[in-house]
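K.L.:
Quick one, structure for this:
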Amino acid sequence: MKKTFRKLLVLLLAAAMTAGLAGCGAKCPIDLSTYEYVDPSEHTCYPTSYTMELTLDVPSKTVSGNALINIQNLSDDTLDKLCLRFWPASIYPAAAKMGASAVEKITDQDGKALTFTEEDGGSILWVDISGHPLAPGESGAIDCTFKTKIPDKMDRCGFHIDGDLTTFQLSYFYPMLSMYQDGEWDTHPYIYGDPTYNPVTAFYVTFTAPEEYTVVASGQEETHNGITSIYGGDMREMAIVACNKMKVISEEVDGVTVNHYGFDVGGKDQYEATSLASGVDCVKLYTETFGPYPYDELDLVEAFNDGGMEYPGLLMLGIPEVDDLNQILSAKKMSNLCLLNAHEIGHEWFYGCVGDNPFTDAWLDEGFAYYCEEYLFPLAEMPSMMEGREFDRSRHITSSLGGFILDGDKDELMASYMDGLIHGADTYYIDKPSFTYGNWSTYYEHVYEGGLFFLYELEKAMGSDAFHAFLKDWYTEHSLKIVTTRDFIYELLAVDHSEAVQAVLTKYLSTYTEMVEEAKAS
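P.N.:
Residues are numbered from 1 along each chain as shown. This next block holds a predicted model:
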């Protein structure tokens, strides 16, 4: 896909300043007239497509093949090197050190070998293209031959064997072109949270696996005789699940086919039906609340991992830890299953569609997804959630916050929840770079839970109708693009710069305080 357009957000500043909006009576501390939205994707060194031929070798637990990356330089710089990220070397460094995961060879579009150097154990690759630099506007291609060792790990990239069932969960397993922004390649390390920061692009993949394996992937897939053809358009990355015992049930809603892929074992039909129903309910609710889902298909895939993990068009939904897979239904709260799906499907709108840099602005997707999970979805009283709660109650099982919020006054419950974490603090910043939180627990409390608190308090400050109108415009304007905290602040203040909104921004966003100080100094 060629991306040469540049669309600026048109701010109706005159109307916002003079009409009877919530911002009347309060002075906006920031000059909004200087702002224009620019999608970083439009000024980067952009992967226009990935074409991959891959083979899953079950005995050796490896995926190998090549990735042809077509590239267009949309920056203003002439580039004599490219930066690739090969995440298996960071996520599972022990395997990389054994030489089990590696990019083995890189060639240019004419088949000429390119030299490259490695950093961070091989997770950062600097590819020398000085023999044919990429000038602004110029296109090129590199072809990477690689092998990835899939670890024995119940994780987003790993394999797991349970009796005669074997499943491979494949993410971040291929070389990816790094993001080039403001004259620098993105080389942030892998820590907790999500590592990848990518523009949308197209994927053309041929994936060979044993014929008994069901292969599910981001985008659309079709399998014949063990060879799966995969196409994904306008996607930030590609994930694949391959399992030798898997079945599927499907339903269509608002033009989207929702598939639930479950392990083909007995005793869990209701679990699968509830998961599919909640998926359908989420697509229906989020389409109405934010805007249309950007893809034709959404795959909900049972997986062996802690919680869930989102990818464009595909979710890996962790099953409960049980000694026997037939016990899944009895081991899982159905209401919590609905809430898990509500969170991960929320990411299809916020991360998959409205993108951000998760290393610097993670709240822009995790905060929104947690808001969907714990507040928006349960309060909407969607059928799957209500039926799941009743099923849990029949077994004398209670639900998490998202379930409790239906049982009483939402404001009292949210106030109690917030007090338990914030303890009356004047500030609770949710927009710091991920590594500054120090550990997963603190990161989760601020980025996930703090993100929920911020959006909840913002809704109260603006009023529900104005808040949801703003979110719908935010989603529509930035679909398949990338945003920052500063973009959010500018565009929010253009709609409502009331004292109540400014107080919420001051409490939760350190970026807002920085912007105010910058405005005072200018």
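
K.L.:
next structured bit after the lowest-mean-pLDDT helix or strand in the chain?
P.N.:
The least trusted helix or strand in the chain, going by mean pLDDT, DSSP states H and E, turns out to be helix 13-18, with a mean of 36. Counting by DSSP states H and E, the next helix or strand C-terminal to helix 13-18 is strand 45-57.

K.L.:
What strands flank the following helix or strand past that following strand, and is each parallel or antiparallel?
P.N.:
Beyond strand 45-57 in the direction of the C-terminus, DSSP H and E gives the next helix or strand as strand 62-73. Paired strands of strand 62-73, with direction, are strand 45-57 (antiparallel), strand 139-149 (antiparallel) (DSSP bridges).

K.L.:
Report the contact partners of the nearest residue to A113 once chain neighbours are set aside.
P.N.:
Nearest residue to A113, sequence neighbours excluded (C-beta to C-beta, 6 or more residues apart in numbering): T107, at 5.5 Å. Quick note: C-beta positions are derived from backbone N, CA and C, even for glycine. T107 sits next to 113-114, 142-143 when contact means C-beta atoms under 8 Å, 6 or more residues apart in numbering.

K.L.:
From L68, how far off is the residue at minimal distance from the centre of the chain?
P.N.:
Residue closest to the average C-alpha location in the chain (C-alpha atoms, centre = their mean): Y351, at 3.9 Å. Going from Y351 to L68 by C-beta to C-beta, to the nearest Å gives 26 Å.

K.L.:
what about the helix ranked longest in the chain, average pLDDT?
P.N.:
Scanning the chain for the helix with the most residues, using DSSP state H, yields helix 269-289. Averaging pLDDT along helix 269-289 gives 97.

K.L.:
quick one: S479 and V354 touch, right?
P.N.:
Yes: between S479 and V354 a contact is recorded at 6.6 Å, counting by C-beta atoms under 8 Å.

K.L.:
In terms of neighbours, single out the busier of those two.
P.N.:
Neighbours were counted for S479 and for V354 using other C-beta atoms under 10 Å; V354 has more, 22 against 18.

K.L.:
For L56, which non-adjacent residue is spatially closest?
P.N.:
A209 (4.3 Å).

K.L.:
which residues touch the one you found?
P.N.:
Counting by C-beta under 8 Å, 6+ apart, A209 has contacts 55-56, 58, 215, 226, 228, 242.

K.L.:
Could you do G307 as well?
P.N.:
Going by C-beta under 8 Å, 6+ apart, G307 touches 318, 340.

K.L.:
Can you list phi and psi of it for me?
P.N.:
Note on G307: its backbone torsions stand at phi 80, psi -140 [degrees, to the nearest 10].

K.L.:
can you start the count at 20 instead of 1 from here on
P.N.:
Will do, 20 is the new start, and the previous item becomes G326.

K.L.:
how much space is there between it and Q346?
P.N.:
Per C-beta to C-beta, G326 is found 19 Å from Q346.

K.L.:
likewise C357?
P.N.:
The gap separating C357 from Q346 is 20 Å, by C-beta to C-beta.

K.L.:
In terms of neighbours, single out the busier of these two.
P.N.:
It is C357, of C357 and Q346, that has more neighbours when counted by other C-beta under 10 Å, with 31 against 14.

K.L.:
Okay, now the unreliable bits of the stretch 370-519 of the chain?
P.N.:
Across the stretch 370-519 of the chain, the ranges flagged by pLDDT under 70 are 415-422.

K.L.:
thought Y494 was touching G310?
P.N.:
Yes: in this structure, Y494 is within contact of G310 by C-beta under 8 Å, at 4.7 Å.

K.L.:
which residues do these two both contact?
P.N.:
Here Y494 and G310 share the contacting residues W368, scored by C-beta under 8 Å, 6+ apart.

K.L.:
Now render the strands paired with strand 81-92 as TSV, adding distance to L474 and mean pLDDT.
P.N.:
Listed next are these as TSV, based on distance: least, C-beta to C-beta, whole Å; pLDDT from 0 to 100:
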stretch	distance to L474	mean pLDDT
strand 64-76	31	97
strand 158-168	37	96
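
K.L.:
right, and those strands - which one's nearest S109?
P.N.:
Among these, the nearest to S109 by C-beta to C-beta is strand 158-168 (12.4 Å).

K.L.:
what's the following helix or strand after the closest one?
P.N.:
For strand 158-168, the following helix or strand on the C-terminal side (DSSP H and E) is strand 177-181.

K.L.:
Check what pLDDT D342 gets.
P.N.:
pLDDT at D342 comes out at 85.

K.L.:
hang on, the earlier thing: gap between the residue nearest to L75 and D492?
P.N.:
43 Å.

K.L.:
Check L471 too.
P.N.:
Relative to D492, and taking C-beta to C-beta, L471 is found at 21 Å.

K.L.:
Kindly report the same for P59.
P.N.:
According to C-beta to C-beta, P59 stands 20 Å off from D492.

K.L.:
Among the two, which residue is more densely surrounded?
P.N.:
Higher neighbour count among P59 and D492: P59, with 20 against 15, using other C-beta under 10 Å.

K.L.:
just checking, that one touches Q200?
P.N.:
Yes: between P59 and Q200 there is a contact at 5.4 Å, judged by C-beta under 8 Å.

K.L.:
what about the residue nearest to A132, which SS state?
P.N.:
Classification of T126 by DSSP: H, G, I helix; E, B strand; the rest coil places it in strand.

K.L.:
Could you do the one 10 residues further on as well?
P.N.:
Classification of T136 using three-state DSSP returns strand.

K.L.:
Count the residues that sit near it.
P.N.:
T136 has 10 neighbouring residues, counting by other C-beta under 10 Å.

K.L.:
pLDDT score assigned to it?
P.N.:
pLDDT, T136: 96.

K.L.:
How far does the next helix or strand after the longest helix of the chain sit from its chain's centre?
P.N.:
Once the chain leaves helix 288-308, the next helix or strand it forms, by DSSP H and E, is strand 316-322. Its chain's average C-alpha position is 14 Å from that of strand 316-322, according to C-alpha atoms, centre = their mean, to the nearest Å.

K.L.:
Which neighbouring elements make contact with the next helix or strand after strand 316-322?
P.N.:
Per DSSP H and E, the first helix or strand lying C-terminal to strand 316-322 is strand 327-330. Packing partners of strand 327-330 (3 or more C-beta pairs under 8 Å, 6 or more residues apart in numbering; DSSP states H and E): strand 333-337, helix 353-368.

K.L.:
Out of these, flag the one nearest K266.
P.N.:
strand 333-337 (14.9 Å).

K.L.:
quick one: the closest one to strand 316-322, angle?
P.N.:
Put simply, strand 333-337 runs at 20 degrees to strand 316-322, going by axes from the mean of the first three to the mean of the last three C-alpha atoms, to 10 degrees.

K.L.:
got the CA positions of strand 333-337 in CSV?
P.N.:
The C-alpha trace of strand 333-337 is given here as CSV (Å, rounded to 0.1, in the frame of the first residue of the first chain):
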residue,chain,number,x,y,z
LEU,A,333,-6.7,-12.3,16.1
LEU,A,334,-6.8,-12.7,19.9
MET,A,335,-5.0,-15.4,21.9
LEU,A,336,-7.3,-16.0,24.9
GLY,A,337,-5.7,-17.8,27.8
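
K.L.:
Give me the distance from it to the chain's centre.
P.N.:
Here strand 333-337 is found 12 Å from its chain centre; the criterion is C-alpha atoms, centre = their mean.

K.L.:
Identify all contacting residues around the next helix or strand after it.
P.N.:
Where DSSP H and E defines the elements, the next helix or strand beyond strand 333-337 is helix 347-350. By C-beta under 8 Å, 6+ apart, the surrounding residues in contact with helix 347-350 are 284, 286-287, 289-290, 338-341.

K.L.:
Next, format these as a markdown table and append distance to G365 and neighbour count.
P.N.:
Shown next, in a markdown table, are the contacts of helix 347-350 (distance: C-beta to C-beta, whole Å; neighbours: other C-beta atoms under 10 Å):
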| residue | distance to G365 | neighbour count |
| --- | --- | --- |
| V284 | 29 | 18 |
| G286 | 29 | 13 |
| K287 | 24 | 23 |
| Q289 | 24 | 13 |
| Y290 | 21 | 21 |
| I338 | 20 | 20 |
| P339 | 21 | 14 |
| E340 | 24 | 10 |
| V341 | 27 | 14 |
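
K.L.:
Thank you, goodbye.
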